[in-house]
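Participant: generate coordinates for the sequence data below:
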Amino acid sequence: MPMRINRVLGIETSCDETSFAVVDAGRRVVRQVLASSLEFHSRYGGIIPEIAARRHIEVLSPLLVDLFERDGIAVETIDLVAVTNRPGLAPSLLVGLACAKAFSLGLGLDIVGIDHTLAHLYAPFLDNPDPPRMPFVGLVISGGHTLLFVVRDWHPEAMELVGKTKDDAVGEALDKAARLLGLGYPGGPVIEKKALQGSPRFEFPVYRGGDYDFSFSGVKTALLYFLKDKELSEGFVCDVCASFQKAVMEPLVDKTIRLARETGIRDVVVGGGVSANRYLRERFQEAEEGLGLRIHFPPMRYCLDNAAMVAGLGYQWYVRGIKDDLHLSISSRRF
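Facilitator: Now for the predicted structure:
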């Protein structure tokens, strides 16, 4: 069995964020540092893998110096290295994995590879005196993922995937909508901002099947045809943003709440970049008040990809007997 541990170094480089964190006992974030290359990608309307990987390499050393020297954290106090090894951009993942293996080899530490989509479900447990209770229903929503889980324990085998997108992720749909409206990249924040000034007076069809899966490709196509020959005035764009945001958010809320009611589970965790959306949070809070559920969102600083959630989940997996070695790759999976 693995030895008892306390302090975990988390490493996250799955996409455009470079992040390192030190977390004690899986819960207390000692310190986290993060740099994003988003500004380099915005001009292209999406993430460019080669640019992201180069940026990871450029900021890696300065971030580590900041992490360990600014607050006097001793490298020797680290007990375990947890690193995102899936899913993500292969060039970016390789940078983080190489760094993790260097720490593991140099300090003689065990290493554990983390699926960062599952780590998003751990974000509300960080620095939280009243964390979610097991079991809980978990929704992960981001630019690349729309996943619905029932989580009964932190062991991977107890994290059951019950629903996913059939095609595009909700964040991808928001990005495409923003592109069609000439609003730039990333789409989620700018659509949310415009929606606050508009009215959801248009109807956009979206998949609402009786299962727990999602689909957002059709609503993107509907928007494309709806905008044909339309004049994109400011008021019109704001109303479209409000309408499109409502269309893609409602199935997320409805299916998550339905799963909680049908399983009798009272705690719901929502994580991932799209979990920062204000409209989504308000809709879930309405359900919380009306149905007696406990809805948990991460603090804004832990909504996007970050190393603190990776370190926290790494601790939980390790104490349950899960670990890897220097043969860990970016395609290694357990489930």
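
Participant: got the contact list for the residue sitting nearest the centre point of the chain?
Facilitator: Centroid-nearest residue in the chain, with CA atoms, centre = their mean: residue 272, separated by 2.7 Å. The contact partners of residue 272, taken as CB atoms under 8 Å, 6 or more residues apart in numbering, are 117, 120, 139-142, 145, 171, 303. Any C-beta I mention is one placed from the backbone N, CA and C, and that applies to glycine too.

Participant: where does the protein dip in pLDDT?
Facilitator: Low-confidence segments of the chain, defined by pLDDT under 70: 1-3, 38, 40-42, 44, 332-335.

Participant: residues of the top helix by length along it that come out buried?
Facilitator: When the chain is scanned for its longest helix (criterion: DSSP state H), the result is helix 234-263. Within helix 234-263, the residues scored as buried using 16 or more other CB atoms under 10 Å are 237-249, 251-253, 255-257, 259-260.

Participant: for residue 240, see how far away the residue lying farthest from the centre of the chain is.
Facilitator: What lies farthest from the middle of the chain is residue 229; by CA atoms, centre = their mean that is 36.1 Å. Remark: distance between residue 229 and residue 240 (CB to CB, to the nearest Å) = 14 Å.

Participant: now do the same end-to-end measure for stretch 105-113.
Facilitator: End-to-end distance of stretch 105-113 (CA to CA, to the nearest Å): 15 Å.

Participant: oh, I was asking about stretch 106-114
Facilitator: First-to-last residue span, stretch 106-114, CA to CA: 20 Å.

Participant: mind listing what's buried in it?
Facilitator: For stretch 106-114, by 16+ other CB under 10 Å, it's 109-114.

Participant: ok, and what's touching stretch 244-258?
Facilitator: Contacts with stretch 244-258, where a contact means CB under 8 Å, 6+ apart, come from 137, 139, 141, 146, 148, 163, 170, 173-174, 177, 191-192, 195, 200, 202-208, 212, 214, 216, 219, 223, 268, 270, 277, 279-280, 283-284, 287, 291, 293.

Participant: repeat the analysis, applying 6 Å as the threshold.
Facilitator: Identification of contacts with stretch 244-258 by CB atoms under 6 Å, 6 or more residues apart in numbering yields 139, 170, 173, 177, 191, 195, 200, 204, 206, 208, 212, 214, 219, 279-280, 283-284, 287.

Participant: got it, and stretch 63-82?
Facilitator: Applying CB under 6 Å, 6+ apart, the external contacts of stretch 63-82 come out as 5-10, 20, 22, 31, 33, 100, 103-104, 109-112, 114, 310-311, 314, 318.
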